[in-house]
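1. need a 3D model of the sequence below.
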Amino acid sequence: MYVKLSDKESYGWGESLIAGSGIIGAYSSIIRELIKPLIEEKYNIRSPFEFEEVFEKIMFSAGNCGIVTGAISAVEMAMWGLKARKMKIPLYELFGGKIKDYVKVYGSFPRFSKIDDLIKAVEFTVNKGFDFIKLHQPPSTTLEAVKAVRERFKEIKIAVDLNSPFDLSEAKNFADKIARYEVEWIEEPLWPPNDYFALEKLTKVSPVPIAAGENEYTLYGFRKLLESGVSYIQPDVAKIGGISKFLKVLDLASSYGVKVAPHDRPDSSIVSLIYTLNLALTRNEIKIVEYPISDLPKDLFNEPTFEKGYVRPPENIEINNSILNKYSYINRIRVLHFSDLNDKLIKYG
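-> Okay, here's the model as predicted:
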């Protein structure tokens, strides 16, 4: 596939290798819906050096996120749902049968620009019944944020998700400093997230448990993570290829004796969350599941039952088709910004 990039003065040609599958639409869609608006609208990139600096990390999430495995995940999940409904049994029965009635969950926070707003959100979340939270603050303010939360809320458990900002030396320094606040884990402290060599060095010296896995898509990758010494792995059923692959990751984690804390992004939909919770009912490897602190759309989904940090999920997925247009898709750029892109976004924004 050829690509032409031009301005008022000149132009350049490029080419994409349409690998084995031949699905040219996947490549052209990424260029049309992600790369083109980033270059022309969001950052006004004029140099390949600027392009590399910004795109290296944006594309890890937006382009290296397993487009094919993500698409397979959706179809594969739906097949399990169809099978459960045809057999007239709960999802958890297909997954091996439940061994518990409720799943432990933690409140997953958005990023707050002000510490005062974060404290108010923590107070709201604690009053709602959560006793475990995870923060997503920028690395430059994470220590300050955790200190403020810990001073005000001494009994809750706190984890931090850094979205891959540090090199090995910086990550060691961060872990040493945050250890005093008794956090449950540091999630993805290293860039790139799949630098297994650096990760192994970090897990050997960190006073805080290390978690990772939301950016893994293969059993090989998860095996390398487990061998690196992480304390938690975090597969996402909507990213790795669906439930069958997820079950294999659980078996792999069990063989290494490592705990599983599945990743989920339920801020816009809860379909994958309901599947994950049903899986958690059936497996001891899953210790806790990521969960939104905001209310779920009750008019659209059959929602889980939440009580004091535990959830009982619906037995299958029900969606109110009559109001789907209320939540219609808006075509706009969507990328996960890694933590240390803040200054770059200001520079190019």
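
2. for the chain, what helix or strand is lowest in average pLDDT?
-> The least trusted helix or strand in the chain, going by mean pLDDT, DSSP states H and E, turns out to be helix 342-348, with a mean of 39.

3. pull out the buried positions in whichever strand or helix holds S254.
-> Per DSSP states H and E: S254 is located in helix 243-256. Residues of helix 243-256 classed as buried: I243, K245, F246, L247, V249, L250, L252, A253 (neighbour count, 16 or more other Cβ atoms under 10 Å). (Glycine included, C-beta is placed from N, CA and C.)

4. which SSE is immediately downstream of it?
-> strand 259-260.

5. so what secondary structure elements neighbour that following strand?
-> For strand 259-260, the elements it packs on are strand 232-233, helix 243-256, judged by 3 or more Cβ pairs under 8 Å, 6 or more residues apart in numbering; DSSP states H and E.

6. distance to D295 and pLDDT for the buried residues of helix 243-256 - can I get that in JSON lines?
-> Converted to JSON lines, the buried residues of helix 243-256 look like this (distance: Cβ to Cβ, whole Å; pLDDT from 0 to 100):
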{"residue": "I243", "distance to D295": "27", "pLDDT": "90"}
{"residue": "K245", "distance to D295": "31", "pLDDT": "92"}
{"residue": "F246", "distance to D295": "27", "pLDDT": "94"}
{"residue": "L247", "distance to D295": "30", "pLDDT": "95"}
{"residue": "V249", "distance to D295": "30", "pLDDT": "96"}
{"residue": "L250", "distance to D295": "30", "pLDDT": "97"}
{"residue": "L252", "distance to D295": "35", "pLDDT": "97"}
{"residue": "A253", "distance to D295": "31", "pLDDT": "97"}
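
7. let me have those residues in TSV, extended by distance to I286.
-> What follows is the buried residues of helix 243-256, written out as TSV (distance: Cβ to Cβ, whole Å):
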residue	distance to I286
I243	13
K245	15
F246	10
L247	11
V249	11
L250	7
L252	13
A253	9
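
8. closest one of these to I178?
-> A253 (25.0 Å; Cβ to Cβ).

9. distance of that closest one relative to R223?
-> Applying Cβ to Cβ, to the nearest Å, the value for A253 to R223 is 10 Å.

10. just the pLDDT for the residue nearest to N215 when sequence neighbours are not counted.
-> In space, and not counting its chain neighbours, N215 is closest to P193: 4.6 Å by Cβ to Cβ, 6 or more residues apart in numbering. At P193, the model reports a pLDDT of 89.

11. host element of A148?
-> Short version: A148 belongs to helix 139-152, going by DSSP H and E.

12. contacts for the helix holding S254 next, please.
-> Residues outside helix 243-256 that contact it (Cβ atoms under 8 Å, 6 or more residues apart in numbering): 69, 76-77, 80, 95, 219, 222-223, 226-227, 233, 235, 237, 240, 259-260, 262, 275, 279, 283, 285-286.

13. quick one, strands of the stretch 101-250 of the chain?
-> Secondary structure of the stretch 101-250 of the chain, counting by DSSP state E, counting those that start in this stretch: strands at 103-108, 132-135, 157-161, 186-187, 210-212, 232-233.

14. flag every buried residue along stretch 311-323.
-> Quick answer for stretch 311-323 (16+ other Cβ under 10 Å): V311, P313, P314, E315, N316, I317.

15. and stretch 263-282, by the same measure?
-> Applying a neighbour-count criterion of 16+ other Cβ under 10 Å, one finds 263-266, 269-282 buried in stretch 263-282.

16. over to stretch 135-150?
-> Of all the residues in stretch 135-150, those buried under the rule 16+ other Cβ under 10 Å are L135, H136, Q137, P138, P139, T141, T142, L143, A145, V146, A148, V149.

17. ok, the first one touching N163?
-> No. Contact criterion Cβ atoms under 8 Å: L135 and N163 do not qualify, at 11.3 Å.

18. so what sits against both of the two?
-> Common neighbours of L135 and N163 (Cβ under 8 Å, 6+ apart) do not exist.

19. re earlier: just name the closest of the buried residues of helix 243-256 to K128, please.
-> F246 (28.0 Å).

20. give me every residue that touches V160.
-> Neighbours of V160 in contact, by Cβ under 8 Å, 6+ apart: K134, L135, H136, Q137, T142, V146, I178, V183, W185, I186, E187.

21. at 7 Å instead, please
-> With contact set as Cβ atoms under 7 Å, 6 or more residues apart in numbering, V160 has these partners: K134, L135, T142, V146, V183, I186, E187.

22. give me the spatial nearest neighbour of the first one, chain neighbours excluded.
-> Yep, that's K134 we're talking about. In space, K134 is closest to A159, 4.3 Å off (Cβ to Cβ, 6+ apart).

23. and the one you found, how many neighbours?
-> For A159, the count of nearby residues is 23 (other Cβ atoms under 10 Å).
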